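Visitor: turn this into a structure:
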Amino acid sequence: MFLGTHNPKLDDKGRLTLPAKFRDALAGGLMVTKGQDHCLYVFPRAEFEQMARKVAEAPLTNESVRAYQRYLFAGTDEQRPDGQGRIPITAELRRYAGLEKDCVVIGAINRLEIWNAESWQSYLDEHEESYAQAREEVLPGVF
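Guide: You can find the predicted model right below:
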């Protein structure tokens, strides 16, 4: 389970050092893809494969499904962390997420999310009150 918030920096070669506590879970390979809200999702390979099978089962006759599949799969990069826990982030993925030097990596249970630090702070600021006021309708039966 991926949890917590971390603040790594991109190096001059576009590499990001993954938080040490997540490296074992990602040592077998990972998939970096465009996430919602202009962040990147990082899935362990097995988790991504499971999700990809579900996405692939959606009907190809639906134009929105085809568009989603194309965008998701064309924007995915397979990586394996190096000995120091670093992964290169492609220029296209950095552009999509607005990644510069300062990044935020958050745990989101089955995936990591990589955010531009300013974008993450803006997201928190914008959504903090709605989280504080969340009612049962958001996640029925959880609280």
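
Visitor: just give me the residue right at the centre of the protein.
Guide: When C-alpha atoms, centre = their mean is applied to the chain, the residue found nearest the centroid is Tyr41 (1.5 Å).

Visitor: what strand or helix carries that residue?
Guide: strand 40-44 (DSSP states H and E).

Visitor: what about Thr33, which SS state?
Guide: Recorded secondary structure, Thr33: strand (DSSP: H, G, I helix; E, B strand; the rest coil).

Visitor: Thr61 versus that one, what's the distance?
Guide: 24 Å (C-beta to C-beta, to the nearest Å). Using the backbone N, CA and C atoms, a C-beta is placed for each residue, glycine as well.

Visitor: of these two, give the one with the bigger neighbour count.
Guide: Thr33 (22 against 7; other C-beta atoms under 10 Å).

Visitor: hey, what's that one bridged with?
Guide: Taking DSSP bridges as the rule, Thr33 bridges to Tyr41.
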